[in-house]
Structure formats: C-alpha cells, structure tokens
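> Here you go, sequence then predicted model.
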Amino acid sequence: MFRIRKRAEQLGRVWTGVGVMALGIFAGPQRCVAQEPPYFVTYSHAMEEPGNLEVEFKGTQAAPKNDNAFGGATVEFEYGAKAWWTTEVYLSGQTTANDSTVFVGFRWENRFRPLMEEYRVNPVLYFEYEDINAADRAFLEVVGNDGVADLAARNAEARSDVQREMEMKLILSSNAQGWNFSENFISEKNMAASDPWEFGYAVAASRPLTLRAGARECVFCRENFVAGAEMYGGLGTTDSPGLHDTSHYVAPTVGWNIPRGPTIQFSPGFGLNDNSMKVLWRVGAQYEFQQFFGRFHRASEVR
Amino acid sequence: MRKGMGVACLVFGCAALLAAAEVNQDWLRKVPAAERARANPYAGQADAIAAGARLFADHCARCHGADLEGERGKPSLRTEVVKNATDGEIFWLLRNGDLRHGMPSWSGLPEPERWEVVAFLKSREWREAGS
C-alpha cells in the first residue's frame, strides 16, 4: 500500500512539474501556429519557419511489467535557422518510482531539406549528437535491440553509463489530399565505444479532421484537430540485423491546435511484442514564438 | 584610369542590382504553366476570404505584416509582382515556398486552406487598401 502511494506521489510530482513548465512556456504574449503533424517519434518534412522558436514539452509515462513505473520529460527548443535548415536542442530528465529523479542529458539535432521545392516525396537529412545516459526514458526513437530489459537497471547505475552517440535519419515525407505520410530510416552509433551501428524505423500518417478553415475563430472546431497514427521500432544492429530481439509500437495520435494558444498532443503507444512495454503514454505541448530574434531587424524593401 | 574604374563600378553595381531583382522574382519564373493557370475554387467567396484573412493573420502576418507591408526585414506583399500574379502562381508559391530566400513551404496546410489565403490576398478589400 505504501509502495503504491509513493509511486503515485512521485508520478504526481512529475506531472505537477509538467504543468508548471507548461504554464511558464505558454505565458508569453505570442500567438501559436503549427503546421506540423502530431507525431512524437516520426519526422515529416515540415521545417520550423525561419526565425521562429518553438518550445515543446514531451512527456512519457509507463509502468513496465516487473519494473518500476517511470515518467520521462523532455524540453525542446526548435529554431528555424533557414527555411531549409532547422536546429533543435533537447534537455531530458526522468523520474522512476521507488528510485530517483535524474537529468539524463541533451541532444542537438539539425535537419536539412536538400531539395528546394515540394515534390511527391520530400527528403530531409537529419543529424543528431546525443550526450545521454542509459537512464533515458524519452523514447524519442527506438533502435537496435532496445527493449524492456533496458529498463531494469537502477538510475544510479544507469546514469553512469553515458553514451555519446551520432544519429542520422533519412526522412521521406509527402503531403497529399490533406494527408501527411512520413517514413524515417534511423541509424545510430555510440562514438565512444566499439558498439555496432543500430537501426530503426518510424512511419506515420495523419490528417486534419477537416481541410477548410472557417470564417470565425473557434476552439473546438474540427479544423483545429489532427489525427493519425505512428508505428516505430528497432531493426537490429550491424552485428545482429533483423527483427529478432527488437521492440515495436503502434500509436494512434491526436493533436489539438488551440487558437492563440499552444498545440496539445496525446498518444498512447501499444507494444507489439514481448520485448515492448504494454502501453507507453505520451503527452506533448508546444508553443511557437514567431520571429523570436526578428525584433532587431528593420523593415526592408519588397520582393 | 580612374574613369575606367568608375565605369566598371557602375556596370558592376547595375549588374548586381539586376541580379538582385532577378533573384527576387525567381520563384515566378519557376511556376509551371499548368500551375500558373489554376483557378481558385473559392475566388471571391466571402467566407473563404474571411477564413483566408484569419489564416493570414495566424501564419503570415508576423513576417509580412498585418497591413501586408512587411515586418522585421521581411518583404511587403504590396508589390506589383504580387498584385499581378495569378491565383495559381501564388498558390504554387505557398506550396513550394522560396526556401533559398527565406519563404517557407506551407504544404503542411491543407490545399483548401491555401486557396483561402489566396482568395484573401486577391480580394478587392486588400487590393483597394494597397493601392
């Protein structure tokens, strides 16, 4: 009984932190807009508009069988450096019931659109440097032989296992008839060790509930909601390629763009095999500060 | 010698200006004929213009200005190029953007919403306000 109450208290603390952070993020005077699909793992070819800064919170929560429940929290700062280049910094932490709360590290990613026009399939090149310890519970990607067995280590032990990794993705994405279809091919390498390359995938599709905007602003209109689904998982390593001993998830996802406010996202991910967690709950909130550094510029002549 | 240098500078300056002008209208030349000729299914419809005005305020005004004059170093839309562009040309620009020059692609917006923005930009209200 005491254990359950303690677990509830710890998870409650996580979500209280989430709430406080969200309030801090959304207290700004700026208006939020978003054209990004409501994915948590999969990337589309939507880039951050140049000059805009998007602050996003992503939370994960799960209670794996035979292991302690945990909550992961990641804050992202995404900046549109150019219309074809988006750069992003992530800070992650987690709390585990009956264990501790720890900072797990940072990620720095860059996405580039090599083609300057819109095609049926649009490639994006993704490069990321990670300085993350093994206590990470963000699940921003699933690669190699990632699985529930990785969650068994205590935080004190896991945080000493620091991994400096380079991650590369080939992102392919299409917009057609209001739908977005995205496919990601992921490769990851621990640079500080002789670990093999790890591979993974993520695919997703989404669509707004209606394709036309109304003449009047409203909060609960169908135009403000986007629904879709993601599927992601590992594809083994260079030492053991294939699906053996990998984990996979399918996750319906929904996003709600609140006019003059944040975008809220929610997604329960369901494990597809014994190596996956049964359910991985995700919640996200993002807010975009338009033309964050633009106030220092003067108006210019026209095009 | 000095005169020669002056002429050379003048020629170089004019060439640079012409090149800049060419770059600024680059996107217009890229629009395929079929796209150029596309008609806006919502042209002139009051509800589409109102929706387009709302979308413009949400997505575009921060750079191009609520009055379309341009803000923070971003270009104005009160130009002959934009005024004379066909619906199809503006729609093409919204879909593709002009990534090299800072205009993002808005292909993430559903096609009907992009047509609503075009309906707003080509509506009489802002044309008159801009003249």
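Sure thing, it's come through.
> Surely residue B:112 is in a strand?
No: Residue B:112 is assigned helix when assessed by DSSP: H, G, I helix; E, B strand; the rest coil, not a strand.
> Which residues are in contact with the residue nearest to the spatial centre of chain B?
Central residue of chain B (C-alpha atoms, centre = their mean): residue B:82, 5.0 Å from the mean position. Counting by C-beta atoms under 8 Å, 6 or more residues apart in numbering or on different chains, residue B:82 touches B:90, B:121. (Each C-beta comes from the backbone N, C-alpha and C, glycine too.)
> That one looks like it's in a helix, true?
Yes: under three-state DSSP, residue B:82 falls within a helix.
> State the pLDDT value of it.
With respect to pLDDT, residue B:82 has a value of 87.
> Let me know the secondary structure of residue B:90.
When the rule is three-state DSSP, residue B:90 gets the label helix.
> That one and chain A, how far apart?
13 Å (C-beta to the nearest C-beta, to the nearest Å).
> Share the number of residues neighbouring residue 69, please.
Defaulting to chain A. For residue A:69, the neighbour count with other C-beta atoms under 10 Å in any protein chain shown is 18.
> Can you look at chain B instead?
Other residues close to residue B:69 by other C-beta under 10 Å number 15.
> Skip the chain neighbours and tell me the closest residue to it.
residue B:76 (4.8 Å; C-beta to C-beta, 6 or more residues apart in numbering or on different chains).
> is it true that the one you found touches residue B:66?
No: counting by C-beta atoms under 8 Å, residue B:76 does not reach residue B:66; the two are 12.0 Å apart.
> and the residue nearest to residue B:69, what element?
Using DSSP states H and E, residue B:76 maps to neither a helix nor a strand.
> again with residue A:130
Taking DSSP H and E as the definition, residue A:130 sits inside strand A:122-133.
> What is the burial count for residue A:157?
Using other C-beta under 10 Å: residue A:157 sits among 11 other residues.
> quick one: it is in a helix?
Yes: using three-state DSSP, the assignment for residue A:157 is a helix.
> related to what we said a few turns ago, pull the strand holding residue A:130 out as PDB, backbone CA atoms only.
The C-alpha trace of strand A:122-133 is given here as PDB (Å, rounded to 0.1, in the frame of the first residue of the first chain):
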ATOM      1  CA  ASN A 122      10.400  15.100 -50.000                       C
ATOM      2  CA  PRO A 123      13.700  14.000 -48.400                       C
ATOM      3  CA  VAL A 124      15.100  15.600 -45.300                       C
ATOM      4  CA  LEU A 125      18.600  14.800 -43.900                       C
ATOM      5  CA  TYR A 126      18.800  14.600 -40.100                       C
ATOM      6  CA  PHE A 127      22.000  14.700 -38.000                       C
ATOM      7  CA  GLU A 128      22.000  14.500 -34.200                       C
ATOM      8  CA  TYR A 129      24.600  14.400 -31.500                       C
ATOM      9  CA  GLU A 130      23.400  12.900 -28.200                       C
ATOM     10  CA  ASP A 131      25.100  13.000 -24.800                       C
ATOM     11  CA  ILE A 132      22.600  10.800 -23.000                       C
ATOM     12  CA  ASN A 133      23.000   8.300 -20.200                       C
END
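> which residues are in contact with it?
The contact list for strand A:122-133, computed with C-beta under 8 Å, 6+ apart, reads A:43, A:45, A:47, A:92, A:102, A:104-115, A:158-174, A:184.
> so which of the residues you listed also contact chain B?
With C-beta under 8 Å from any C-beta of the partner chain as the criterion, the contacts of strand A:122-133 include A:47, A:113 near chain B.
> Keep only those of the contacts of strand A:122-133 that are in helices.
Judged by DSSP state H, helices contain the following of the contacts of strand A:122-133: residue A:158.
> follow-up on the earlier one: model confidence for the residue nearest to residue B:69, exactly?
For residue B:76, pLDDT reads 90.
> So what's the residue count around it?
19.
> likewise the one 10 residues further on?
The local packing of residue B:86 (other C-beta under 10 Å) involves 18 other residues.
> so how far is chain A from the closest residue in space to it that isn't next to it in sequence?
Among residues not flanking residue B:86 along the chain, residue B:36 sits closest, at 5.6 Å (C-beta to C-beta, 6+ apart). Remark: distance between residue B:36 and chain A (C-beta to the nearest C-beta) = 15 Å.
> Do you have the helices of chain B handy? List them.
With DSSP H as the criterion, chain B has helices at B:2-24, B:26-30, B:33-36, B:46-59, B:61-64, B:80-84, B:87-96, B:111-121, B:124-130.
> Comparing those by mean pLDDT, which bottoms out?
Minimum mean pLDDT among these: helix B:2-24, a mean of 47.
> from what I can see the residue nearest to residue B:86 touches residue B:87, true?
No: in this structure residue B:36 lies outside contact range of residue B:87 using C-beta under 8 Å: 9.3 Å.
> got a list of contacts for whatever helix or strand residue A:86 lives in?
Applying DSSP H and E as the criterion places residue A:86 in strand A:85-96. Here strand A:85-96 makes contact (C-beta under 8 Å, 6+ apart) with A:10-11, A:13-14, A:47-48, A:68-81, A:101-113, A:132, A:135-138, A:140, A:155.
> In space, what's closest to the residue minimising distance to the centre of chain A - neighbours in sequence excluded?
For chain A, the residue lying nearest the average C-alpha position, counting by C-alpha atoms, centre = their mean, turns out to be residue A:40 (3.9 Å). By the measure of C-beta to C-beta, 6+ apart, the closest residue to residue A:40 outside its immediate chain neighbours is residue A:282, 4.9 Å from it.
> Ramachandran coordinates for the one you found?
phi -130, psi 140 (degrees, to the nearest 10).
> ok now do it, which residues does it touch?
A:40, A:58-61, A:139, A:251, A:253, A:265-269.
> what is it paired to in the beta sheet?
In this entry, residue A:282 is beta-bridged to residue A:60, residue A:267, by DSSP bridges.
> Would you mind giving me the confidence score for it?
98.
> What's the separation between it and residue B:68?
Noted for residue A:282: a distance of 40 Å to residue B:68, by C-beta to C-beta, to the nearest Å.
> same thing with residue B:58?
Residue B:58 is 15 Å from residue B:68, where distance means C-beta to C-beta.
> before we move on, what about residue A:238?
Residue A:238 sits 55 Å away from residue B:68, going by C-beta to C-beta.
> neighbour-wise, which of those two wins?
Comparing residue A:238 with residue B:68 by other C-beta under 10 Å, the one with more neighbours is residue B:68, at 21 against 13.
> nearest residue to that one other than its sequence neighbours?
Per C-beta to C-beta, 6+ apart, closest to residue B:68 is residue B:77, 4.2 Å.
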